[in-house]
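Engineer: model this:
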Amino acid sequence: MILSCPQCETSFSLPDEMYRLGRKARCSSCGHVFPMPPMPDPLLAVTAKSDKKKEKASGKPSFVSSRIKKNLLICAVSLVAFVGVGLGGYMIYNALTAKGGSVSDIFSAAVAPARKAGTKNATLPTEEDLLRAAADYERVKLIQLVDVRQFVLKNDKLGKLVIVQGKAINNFEVAKGMIAVEATLLDEEGTVINRLQQRAGVMPTLLQLQSLDAKELASVLNNPMDILLNNASVPPKGEVPFCLIFVGVPSKMVEFEVGVIDVQEAPLENQ
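Structural biologist: Next comes the predicted model:
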């Protein structure tokens, strides 16, 4: 397959047998290390380039599993059969896309609750699920996650930790607050191994990550003063750090996902 470096946009060829979703690749041009993207779907190849440009411009977060997106076309056809043909399908399509997201993103968000149970194959969402997912997507769609990285670190008291860190950028035209993210660890088949949610606003130091116990780390990550100071009102184009800490390294973990799950309106006096 062809990989494209997100840093310098240089494209290079990778043998199919070396491909694994989430595995790290190093750009031969600039040396940037990045996770391998999902394998392109031939049915969606025509729109892939334009979708990528729109995502870069809008700051759309990476939210759900690529495996679900790959089966979107089949599921979408089944969906029409479930909710009715003709006018019924047309009305649902309009209701979803009017919220500002693509059908792919909203459908993926709708099946996300099934993933929370740890199942690989999500059941077909109902009309209510889709409309609720559309509303949720509208609320968080312009919070962009950048500089996301996942690494393993040894803690003196807890052993090895899986750390997921990054920054959330507010691409809305007004201030936003209380941004929350969710990180998920997955096995080779895409089954959920572990999942954590965390309000942004705190980035522990390396010394804290290496020396504090679980209770102390939780106290640092959920310090109300730091969260209010950094995450109560994030101005347009402003950013806020986030950090999620998993205790222990699951033996079957091969990839991770991270996405925005909540954002609130900032207080009026901070707008």
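Engineer: tell me the mean pLDDT over stretch 126-135?
Structural biologist: What stretch 126-135 shows for mean pLDDT is 73.
Engineer: For it, buried residues please.
Structural biologist: 127, 129, 130, 131, 132, 133, 134 (16 or more other C-beta atoms under 10 Å). To be clear about C-beta, it is placed using only N, CA and C from the backbone, and glycine gets the same treatment.
Engineer: Would you format these as a markdown table with secondary structure and distance to residue 193 included?
Structural biologist: Formatted as a markdown table, the buried residues of stretch 126-135 follow (DSSP: H, G, I helix; E, B strand; the rest coil; distance: C-beta to C-beta, whole Å):
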| residue | secondary structure | distance to residue 193 |
| --- | --- | --- |
| 127 | helix | 31 |
| 129 | helix | 24 |
| 130 | helix | 27 |
| 131 | helix | 30 |
| 132 | helix | 26 |
| 133 | helix | 24 |
| 134 | helix | 29 |
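Engineer: possible to save the residues you listed as a markdown table with distance to residue 197?
Structural biologist: Conversion of those to a markdown table gives the following (distance: C-beta to C-beta, whole Å):
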| residue | distance to residue 197 |
| --- | --- |
| 127 | 27 |
| 129 | 20 |
| 130 | 23 |
| 131 | 23 |
| 132 | 18 |
| 133 | 17 |
| 134 | 21 |
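Engineer: now, among the residues you listed, which is nearest to residue 5?
Structural biologist: Taking C-beta to C-beta as the measure, residue 5 sits nearest to residue 133 out of the buried residues of stretch 126-135, at 31.8 Å.
Engineer: So which residues of the stretch 151-271 of the chain form helices?
Structural biologist: 206-211, 214-221, 224-231 (DSSP state H, counting those that start in this stretch).
Engineer: Now mean neighbour count, mean pLDDT and distance to residue 190 too, for the ones you listed, in CSV please.
Structural biologist: As requested, the helices of the stretch 151-271 of the chain are exported to CSV (neighbours: other C-beta atoms under 10 Å; pLDDT from 0 to 100; distance: least, C-beta to C-beta, whole Å):
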stretch, mean neighbour count, mean pLDDT, distance to residue 190
helix 206-211, 13, 96, 28
helix 214-221, 15, 96, 27
helix 224-231, 15, 95, 31
